[in-house]
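Peer 1: predicted structure and sequence below. I'll ask about it afterward.
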Amino acid sequence: MIILAVLFVIYGVFASVPVCPTSPFSKPSSSPFTVSYPDAVYNLPILFPDNFQCEYQISVPENWFAEIEMFLNPNRSMAVPPVTVIDAFQINSSAPPIEIHVNQTDTVPFMHNTNKAGKFIITADTQVSMTVITSKTYMDLRGVLIYDGTKFLGSAYNLYLSKKQMVSSGNQMTVEVLSDGGSYYLPALLWQDYSNTRDIVQYLDTQCFLDHNCGAYSLDASKGPVALQSISPDYVYNRPAQDILMSVQGAGSLDVFMGGVTKDKKNSIVIYNAATSSPYLPQQFVAPLKTYLLTYGQATLNITRKSFEFGRTTGFPRKGFIQSNYYGQLKAKQDGNGVIRAPEGSSDAKFKVKIGFADMAGNTIFELQGTRNGENTFYQMFNSTNLPDLNNAYSISGDTLTVFYYSKDSYTTGMFLRFEVNPA
């Protein structure tokens, strides 16, 4: 163990403030392996000026760790502590690294939180792209260090402030998480192959809570594509969350990906023209990760996680879709549902439903229901022996359309349908 002792004093007879060290503190050659800074720790104290800033580097040999101790001698009582310790990081350099592989064909970036300290070596087909998504715990990102080989690129906090992606020069990146996180809603570290994200000039993020408004996000793609990454609070367990895109105001083209951006767009679920998007909104997107990519123009996206907002229809006509929670991403136990209502003040509407895909394997059930004042006007339940019609649209009258898809214990590739709401 190496100990670095640092003294901050605020009152008394003082020595001059030392110059910030230009080289790292190294392990002494003999016990007790303690380095004191400044030299006056045990002699004349030093008064550091207000807002004093200095960068200290500590060189830690393999199989050793460093501990920092701070000594404070205020010589008088104070209502507010003059020094606050924000972080204390400990790294065990002897622990084996965790190896991660990301491919050009991945539709979902590899996602990891900061809950466990350790070293990660990420290998890509071409180059590694790293981004971050965070909420109120963004300061945890200071303890995540990013390297391109032996070259230090910066911390994940630097990456968060830059609103860009960090990219390796070769096909590997090394990331060290120095401290175990203490919060449930931890920042997410995302890695994917750079061939998919090469053109993106800015990254924004949101990790809002369920049944809350996420807010309005301004995207300016005048200098290149801009991505807004939206993640589920339970992304660590690969649990989906629903975003409801309420409005797209401005100009430009918005591409929505279930997962991360891919160059072949195989997981792109819809593309909006901002100027003509109104009849297609609100729209619900369900996945652990969604990426909104504005390819050109300037637009503001309004997103909420209040689930009832998806059911509201503000006027005729309305068009949209309903998807299962992992549709287009992976085979899993899936469900999908939606309740679409006629506009307020309209007692009746005509719903047109066109099923594009439905995996009815195993015990999966799929229900379509139309109601008027709570009474059924239409009901059909599909299963593995009674399959839905994928060639023709269903016409349903009433004030409410309800869709329910549940795969029970079966692993399926999910369900996707389009709907329209028109006057009766």
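Peer 2: That came through, no problem. Numbers count the residues shown, from 1 in each chain.

Peer 1: quick one: buried residues of stretch 294-310?
Peer 2: By neighbour count with 16 or more other CB atoms under 10 Å, stretch 294-310 contains the buried residues 294-295, 297-299, 301-305, 307, 310. (Each C-beta comes from the backbone N, C-alpha and C, glycine too.)

Peer 1: now swap in stretch 263-275 and tell me
Peer 2: Under 16+ other CB under 10 Å, the buried positions of stretch 263-275 are 267-270, 272, 274.

Peer 1: dump it to PDB, restricted to CA.
Peer 2: Provided in PDB are the C-alpha atoms of stretch 263-275 (Å, rounded to 0.1, in the frame of the first residue of the first chain):
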ATOM      1  CA  LYS A 263     -25.400   1.300 -40.900                       C
ATOM      2  CA  ASP A 264     -27.700  -1.300 -42.600                       C
ATOM      3  CA  LYS A 265     -30.700   0.100 -40.600                       C
ATOM      4  CA  LYS A 266     -32.000  -3.400 -40.000                       C
ATOM      5  CA  ASN A 267     -33.300  -2.400 -36.600                       C
ATOM      6  CA  SER A 268     -34.700   1.000 -37.700                       C
ATOM      7  CA  ILE A 269     -38.400   0.800 -36.900                       C
ATOM      8  CA  VAL A 270     -39.700   4.100 -38.400                       C
ATOM      9  CA  ILE A 271     -38.400   7.300 -40.100                       C
ATOM     10  CA  TYR A 272     -40.300  10.600 -39.500                       C
ATOM     11  CA  ASN A 273     -40.200  13.800 -41.500                       C
ATOM     12  CA  ALA A 274     -40.400  16.400 -38.700                       C
ATOM     13  CA  ALA A 275     -42.600  18.700 -40.700                       C
END
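
Peer 1: among the buried residues of stretch 263-275, which ones are in helices?
Peer 2: Judged by DSSP state H, helices contain none of the buried residues of stretch 263-275.

Peer 1: can you list the domains in this structure?
Peer 2: 1-85, 98-198, 313-424 (automatic domain parsing).

Peer 1: between those domains, which one is closest to T262.
Peer 2: Evaluated over the domains of the chain, closeness to T262 peaks at domain 98-198, with 5.1 Å, by CB to CB.

Peer 1: tell me where the chain has helices.
Peer 2: For the chain, applying DSSP H gives helices covering 156-162.

Peer 1: run through the stretch 101-250 of the chain and note the low-pLDDT ranges.
Peer 2: 135-137, 180-186, 236-237 (pLDDT under 70).

Peer 1: quick check: beta-bridge partners of M173?
Peer 2: I122 (DSSP bridges).

Peer 1: and it, how many neighbours?
Peer 2: Neighbour count for M173, taken as other CB atoms under 10 Å: 26.

Peer 1: that one: what's it in contact with?
Peer 2: Each residue near M173 by CB atoms under 8 Å, 6 or more residues apart in numbering is listed here: 121-122, 124, 128, 130, 146-148, 166, 191.

Peer 1: cool, P423 as well?
Peer 2: P423 touches 316, 346, 349-350, counting by CB under 8 Å, 6+ apart.

Peer 1: just give me the least confident of those residues.
Peer 2: Across the contacts of P423, no position has a lower pLDDT than S346, which has 85.

Peer 1: and the gap between the closest residue to it other than its chain neighbours and S278?
Peer 2: Spatial nearest neighbour of S346, excluding adjacent residues (CB to CB, 6 or more residues apart in numbering): D399 at 7.2 Å. Using CB to CB, to the nearest Å, one gets 22 Å for the distance from D399 to S278.

Peer 1: between these two, which one's more packed in?
Peer 2: A direct count of neighbours by other CB under 10 Å for D399 and S278 places D399 higher, at 19 against 14.

Peer 1: for I271, which residues count as its bridge partners?
Peer 2: D255.

Peer 1: as a check, name the ranges of all strands in the stretch 251-400 of the chain.
Peer 2: Ranges of strands within the stretch 251-400 of the chain are 268-273, 283-287, 289-304, 318-323, 335-341, 349-358, 365-372, 375-382, 394-398, 400-406, based on DSSP state E, counting those that start in this stretch.

Peer 1: out of the ones you listed, flag the one nearest S59.
Peer 2: strand 289-304 (37.9 Å).

Peer 1: returning to what we had before: closest one to R372 out of the contacts of P423, please.
Peer 2: A349 (9.4 Å).

Peer 1: about what we covered before: redo the strands of the stretch 251-400 of the chain as JSON lines? Include distance to G259.
Peer 2: Formatted as JSON lines, these follow (distance: least, CB to CB, whole Å):
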{"stretch": "strand 268-273", "distance to G259": "10"}
{"stretch": "strand 283-287", "distance to G259": "7"}
{"stretch": "strand 289-304", "distance to G259": "6"}
{"stretch": "strand 318-323", "distance to G259": "13"}
{"stretch": "strand 335-341", "distance to G259": "16"}
{"stretch": "strand 349-358", "distance to G259": "17"}
{"stretch": "strand 365-372", "distance to G259": "24"}
{"stretch": "strand 375-382", "distance to G259": "27"}
{"stretch": "strand 394-398", "distance to G259": "29"}
{"stretch": "strand 400-406", "distance to G259": "20"}
